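# Quick one, what's the 3D model for this:
(chains A, B, C and D)
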There are 2 protein chains.
Amino acid sequence: MTFDGLKLGVTAHEVASLAKVSQSAVSRTFTPGASVSEATREKVLQAAKKLGYRPNALARSLITRRSHMIALVMSYLENQFYPLVIEKLSQKLQRQGYHLLMFISDEAESDGVLAEILQYQVDGIVMASTMLSPDMARRCADFGVPVVFFNRVPDSAPAQNNIWAAGSPANATSSVTSDNYQGGRMVAQLLLERRHKRIAFLAGLEQSSTNAERERGFNDVLHAAGVAVYRRAVGNYSAEGAKHAARAMFAGANPLDRPDALFVANDHMAMAAMDVLRIELGLRIPQDVSVVGFDDVPQAAWGSYQLTTVAQSVEDMVRATVELLNQQMQGNAATKPAFDLPSKHIKIACKLVQRQSVRAKPIS
Amino acid sequence: MTFDGLKLGVTAHEVASLAKVSQSAVSRTFTPGASVSEATREKVLQAAKKLGYRPNALARSLITRRSHMIALVMSYLENQFYPLVIEKLSQKLQRQGYHLLMFISDEAESDGVLAEILQYQVDGIVMASTMLSPDMARRCADFGVPVVFFNRVPDSAPAQNNIWAAGSPANATSSVTSDNYQGGRMVAQLLLERRHKRIAFLAGLEQSSTNAERERGFNDVLHAAGVAVYRRAVGNYSAEGAKHAARAMFAGANPLDRPDALFVANDHMAMAAMDVLRIELGLRIPQDVSVVGFDDVPQAAWGSYQLTTVAQSVEDMVRATVELLNQQMQGNAATKPAFDLPSKHIKIACKLVQRQSVRAKPIS
DNA sequence: CTGAAAGCGCTTACAG
DNA sequence: CTGAAAGCGCTTACAG
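Just a heads-up that it's a prediction; the model follows:
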């Protein structure tokens, strides 16, 4: 069907007729590096322009076995860190001709999601979902699709009793995270340096590697200094969870009983906790209590929070992710499955960003 | 290539051999509504399971002319409203077997982006990009792909001198927005009711329909009451822009000179403005100045802001978008291009959410 | 450099 | 209900 000289769904064949060349010729002029003479190339381009022709990416994928699509699986976007990831990752990928296919899912349904992802013949998968089934990683790899876990490292629990997992190598996937352990250490060092005595920790999701590593680094430094965590509660990385946790930890009338410093496993929860401390409990930050977060989301810099936090570099993390993906996509997925490739676990350095939520060192 | 009994890239043909049926039979068992006997269906399913077979969605699309992918084009995710849109839209679409293909782009490059989108044979396009070239809308429609503009209505400027635009009907696309005009009116009414005298407006992007409509509704009510906007500045929907604008509007030593109420075109800017007013200028909200936003992003409800705002229902907007898409995707895109379908402009009601950033009615 | 032909993995009339 | 065959729109050896 035509419309004012415009044909809908123009094919290479039609361009070929108009240009009076073979269909192969038009295919070649749209394939970088293929050999076409300048003359026929011109003819084809003219005809293509006239008809509004664009190669059908799906048909192309069928034969090249490259869809130029990367699946991004995420579980929730409440945490401001993730929109940032979508934006940067999408832009970077776009620049090299790839696009993100979105899958929102939490662990519960991830098995079905994986099957769906695979149907779309994506060239790679970025897993930024908070939860993940223990053997998800290797199952992806078994299908020959490179997977990189973003901001989490896959559980190395033993393979489930599952046909796909049978016989797979132990670690068939890669990951990029920041150095969460080191980040946790930095927070403890800062708090100790500022002479805090009653240091509390507000945990995120306990099953998550981010929380585990941050907490481990934090505890290690504290223990080495002979101090134990004064109080601990779990917020599960949600704002509501953080509020409950904050109320519980700061309950009690005696000011000398309550924590004088609080490390929160991410900024999203830290800001929710700050609201509780200041508004509900009337505490001053940092005079009554110091608060430190993790991530350095844009909101952490906002005037109302001025949150001291450990910055994860989305930029660097995304760069590493794309590099990993590129490496693993080198070989043809059909002949060189991901499990033939070394799996790398990349740790990006993080950085302490000091703002106004931690008290200065007391003059003692 | 096989791996522990698992074959990579299994095809319908291989399943057919194992099940001892024709390839057509396996295709049919994976096509809802196709006629297969229960017996062969069972055999196929068994074999498929054994081999880990999943139909190749790309190959299927080639012949069905349905990719089950919807392009989502956005320009920036700084505003918290958009992550919400991604999440809800993705979930809703996923439930009916569609997935979002992401395109991040601002106007400058949108022509190239459109071409790219079209190559992927998406079944529909959701345009949530802030900027858009005037004839983008009809160009999409010309290609037979349904387009719905989200949270913006396409400029109805005359067609550019462009081969695609030639002869196209004037309004070939649909849109869903909230009733921004009505929202603007509600804000003015509230501020008037609270006896504000020096009412200022902080604009977003002046070319955007959201800003234009909100401002128009706001002004109409003000004018009807015989009051003029006291001050006006432009923040371009960015936090930095809003801060500059706030400083400029509230400069001047005399408290009686400065605005006593501020309507900000969206929450993202409103919160930035609040930070300037309270922290830089030492003003109290709402005692010294009332602030109203627009959108009702999650942060607006946070303790530190308690922002009174006009809520846009992401839920309703997404529902309308998906309905529109479904309607327009009914016909086969190849034979029934979008411009044959009526274009609808849906307006979702918005709602005033009163929190703490507007003063109570003075007892006079 | 160029074209005819095979084939990517599917769906869908068409006969039986 | 079932299978053989054509065809979706491309790329890519293979000859020339």
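
# which ones are touching whichever residue of the stretch 151-300 of chain A sits closest to chain B?
Residue of the stretch 151-300 of chain A nearest chain B, by C-beta to the nearest C-beta: residue A:275 (3.1 Å). To be clear about C-beta, it is placed using only N, CA and C from the backbone, and glycine gets the same treatment. Under the criterion of C-beta atoms under 8 Å, 6 or more residues apart in numbering or on different chains, the contact list for residue A:275 reads A:243, B:302, B:303, B:304.

# Nearest to DNA strand D among the residues you listed?
Ranked by distance to DNA strand D (C-beta to the nearest atom of the strand), those are led by residue B:302 at 49.9 Å.

# Please name the spatially closest residue to the closest one (chain neighbours excluded).
Ranked by C-beta to C-beta, 6 or more residues apart in numbering or on different chains and with sequence neighbours excluded, the top spatial neighbour of residue B:302 is residue A:275, at 5.8 Å.

# residues contacting residue A:218?
Residue A:218 is in contact with A:184, A:185, A:187, A:188, A:201, A:229, A:263, counting by C-beta under 8 Å, 6+ apart.

# The one helix or strand the last one maps to: partners in the sheet, and parallel or antiparallel?
The secondary structure element spanning residue A:263 is strand A:261-264 (assigned by DSSP states H and E). Paired strands of strand A:261-264, with direction, are strand A:199-203 (parallel), strand A:290-295 (parallel) (DSSP bridges).

# do you know which of the ones you listed lies nearest DNA strand C?
Among those, the nearest to DNA strand C by C-beta to the nearest atom of the strand is strand A:290-295 (41.1 Å).

# Give me the contacts around the closest one.
For strand A:290-295, contacts defined as C-beta under 8 Å, 6+ apart pick out A:79-81, A:180, A:183, A:187, A:190-191, A:194, A:196, A:214, A:260-271, A:273-274, A:277, A:285, A:300, A:307-312, A:357-359.

# give me that answer again for 7 Å
With contacts defined as C-beta atoms under 7 Å, 6 or more residues apart in numbering or on different chains, strand A:290-295 is touched by A:81, A:183, A:187, A:190-191, A:194, A:196, A:214, A:261-267, A:270, A:273-274, A:285, A:300, A:307-310, A:312, A:357-359.

# which non-adjacent residue is nearest residue A:51?
Nearest non-adjacent residue to residue A:51, counting by C-beta to C-beta, 6+ apart: residue A:10, 4.6 Å away.

# still on that earlier bit, how close does the residue of the stretch 151-300 of chain A closest to chain B sit to residue A:281?
If you measure residue A:275 against residue A:281 using C-beta to C-beta, to the nearest Å, the figure is 10 Å.

# Also residue A:191?
From residue A:191 across to residue A:281, the span is 20 Å (C-beta to C-beta).

# more crowded one of these two?
Remark: of residue A:191 and residue A:281, residue A:191 carries more neighbours, 25 against 14, as counted by other C-beta atoms under 10 Å in any protein chain shown.

# mind checking the SS state of that one?
Look at residue A:191: counting by DSSP: H, G, I helix; E, B strand; the rest coil, its state is helix.

# Can you give me the distance of the residue lying closest to it once chain neighbours are set aside to DNA strand D?
Spatially, and ignoring its direct neighbours in sequence, residue A:191 is nearest to residue A:261 (4.9 Å; C-beta to C-beta, 6+ apart). Residue A:261 sits 59 Å away from DNA strand D, taking C-beta to the nearest atom of the strand, to the nearest Å as the criterion.

# show me what contacts residue A:261?
For residue A:261, the residues meeting the contact criterion (C-beta under 7 Å, 6+ apart) are A:191, A:196, A:199, A:200, A:289, A:290.

# Can you give me the neighbour number for the residue of chain A at minimum distance from DNA strand C?
For chain A, the residue positioned closest to DNA strand C under C-beta to the nearest atom of the strand is residue A:35, at a distance of 2.3 Å. Residue crowding around residue A:35 was assessed by other C-beta under 10 Å; the count is 6.

# which one is it nearest to, not counting chain neighbours?
Nearest non-adjacent residue to residue A:35 (C-beta to C-beta, 6+ apart): residue A:28, at 6.9 Å.

# looking at it, that neighbour is touching residue A:41, isn't it?
No - using C-beta atoms under 7 Å, residue A:28 is not in contact with residue A:41; the gap is 8.2 Å.

# nearest residue to residue A:299 other than its sequence neighbours?
residue A:80 is the one closest to residue A:299 (C-beta to C-beta, 6+ apart), at 5.8 Å.

# How about residue A:274?
Among residues not flanking residue A:274 along the chain, residue A:291 sits closest, at 5.7 Å (C-beta to C-beta, 6+ apart).

# again with residue A:310
With C-beta to C-beta, 6+ apart, the residue lying closest to residue A:310 is residue A:183, at 4.1 Å.

# Can you get me the centre-to-centre distance for the helix or strand where that neighbour lies and its chain?
In this structure, residue A:183 is located in helix A:180-193 according to DSSP H and E. When distances are taken as C-alpha atoms, centre = their mean, to the nearest Å, helix A:180-193 is centred 23 Å away from the chain's centroid.

# buried ones in that helix?
A:180, A:181, A:183, A:184, A:185, A:186, A:187, A:188, A:189, A:190, A:191, A:192 (16 or more other C-beta atoms under 10 Å in any protein chain shown).
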